[in-house]
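Undergrad: Need a 3D model of the following:
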Amino acid sequence: MSNFENLLKEKAEFADKIIKSYVPINIGIMSKIIETMEYSVMAGGKRLRPILIMETARKFDFDIDELIPYMAAIEYIHTYSLVHDDLPAMDNDKYRRGKLTTHAKFGEAMGVLAGDALLNYAFEIGVSSLKESKNKDLAIDALEVLARNAGYSGMIGGQASDIENEGKEMDLDTLDYIYENKTGALIEAAMSIGAILGGATEDEISDIEDAASSIGMAFQIMDDVLDVIGDEKELGKPLHSDEKNNKTTYVTIYGVDEAKEKVEYYINDAKEILSNVGNPNPFLDELLDYLTVRSK
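TA: Here you go, the predicted structure:
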């Protein structure tokens, strides 16, 4: 395992501890919904978004105490989106990360409710953290970014457009809108939050948002590629989900090889932007390179 891979593993484990520390105590009449929430949020994953909050903040002023609640909150929101994506009314997936999806294990109704609970709990974490914040104005700005990017003009807008266009021929502008929002919005939120809480200027935050937009595009296109040529055991879910759901993707438009080139283009664009913003962060650069060759 390379030094970068060791560091990435350590950072993901650190994020896991933070996320686990916010799981409600599982007692009493609410025990089933809490069990379902915990199963969903602790089922594994790259923890990319909390890591991006932390690594973006490193480019500015770094105060881990300010970041921790948002690192948890964004992963709770990301998890809720996956729980709902897997539902029969959406992608109808039975496995994720090698485990039964939430609705497959606990039933469809509990899957819906667990997603709802995770989303609401994320904002409970965010609002509660304002009381302890050393800079409430920045914390409020960060919470606003999280809410906006998770909502109808961000992630949900992209998901809605994805569902609306399922089985239809899509032009590239529509597909890019879906990718920039369904996947890119939470990545943009993560990096923007890191920059905001790090005390970045408005211009620096704008540049970070542009870089994050390219990272989101690259991440989703790589997901398209892996859905076709990935290793099912490594991915922890069946391949050809997009084909099953009759979805237009970058692979269906460009083919695998050209889609990979698009991934590299977007990552290089993000790296170029980030090289001119804030302090150098070699780990963040390596993380972006890793996204072009990841296998899960």
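Undergrad: When you work out contacts or count neighbours from here on, use the C-alpha atoms and nothing else.
TA: Will do.
Undergrad: Which pLDDT value belongs to residue 232?
TA: For residue 232, the pLDDT comes out at 60.
Undergrad: same question, residue 187
TA: Note on residue 187: pLDDT of 98.
Undergrad: what's the distance between it and residue 74?
TA: In this view, residue 187 and residue 74 are 9 Å apart by Cα to Cα, to the nearest Å.
Undergrad: For these two, list the residues in contact with both.
TA: residue 49 (Cα atoms under 8 Å, 6 or more residues apart in numbering).
Undergrad: for the stretch 101-250 of the chain, what spans make up the strands?
TA: Using DSSP state E, counting those that start in this stretch, no strands are found in the stretch 101-250 of the chain.
Undergrad: from memory residue 213 sits against residue 190, does it?
TA: No: between residue 213 and residue 190 there is no contact under Cα atoms under 8 Å: 11.1 Å.
Undergrad: List the residues that contact residue 292.
TA: The contact partners of residue 292, taken as Cα under 8 Å, 6+ apart, are 218, 222, 260, 263, 264, 267.
Undergrad: Helices of the stretch 1-150 of the chain, residue ranges please.
TA: For the stretch 1-150 of the chain, helices defined by DSSP state H, counting those that start in this stretch occupy the ranges 3-21, 31-41, 48-57, 64-85, 102-106, 108-130, 136-150.
Undergrad: quick one: contacts of the last one?
TA: Pointing back at helix 136-150 there. Against helix 136-150 from outside (Cα under 8 Å, 6+ apart): 66, 74, 77, 126-127, 130, 133, 154-156, 181, 185-186, 188-190, 192-193, 196-197, 199.
Undergrad: same deal with the shortest one?
TA: With Cα under 8 Å, 6+ apart as the test, helix 102-106 has contacts from 36, 39, 40, 83, 86, 87, 94, 95, 109, 110, 111, 112.
Undergrad: Give me the mean pLDDT for it.
TA: Mean predicted confidence for helix 102-106 is 98.
Undergrad: Show me what counts as buried in that helix.
TA: For helix 102-106, the neighbour count (16 or more other Cα atoms under 10 Å) marks 102, 103, 104, 106 as buried.
Undergrad: Alpha carbons of it, as PDB, please.
TA: Taking C-alpha atoms only, helix 102-106 is exported to PDB below (Å, rounded to 0.1, in the frame of the first residue of the first chain):
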ATOM      1  CA  THR A 102     -31.400  -0.300   3.600                       C
ATOM      2  CA  HIS A 103     -34.800  -1.100   2.100                       C
ATOM      3  CA  ALA A 104     -33.800  -4.600   1.200                       C
ATOM      4  CA  LYS A 105     -32.800  -5.300   4.900                       C
ATOM      5  CA  PHE A 106     -35.400  -3.300   6.800                       C
END
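Undergrad: Nearest spatial neighbour of residue 66, chain-adjacent residues omitted?
TA: residue 133 (6.4 Å; Cα to Cα, 6 or more residues apart in numbering).
Undergrad: meant to ask about residue 92, not that
TA: Per Cα to Cα, 6+ apart, closest to residue 92 is residue 86, 5.1 Å.
Undergrad: For that neighbour, list the residues it contacts.
TA: Residues in contact with residue 86 (Cα under 8 Å, 6+ apart) are 92, 93, 94, 101, 103.
Undergrad: Just give me the closest of those to residue 247.
TA: Proximity of the contacts of residue 86 to residue 247 (Cα to Cα) peaks at residue 92, which lies at 13.8 Å.
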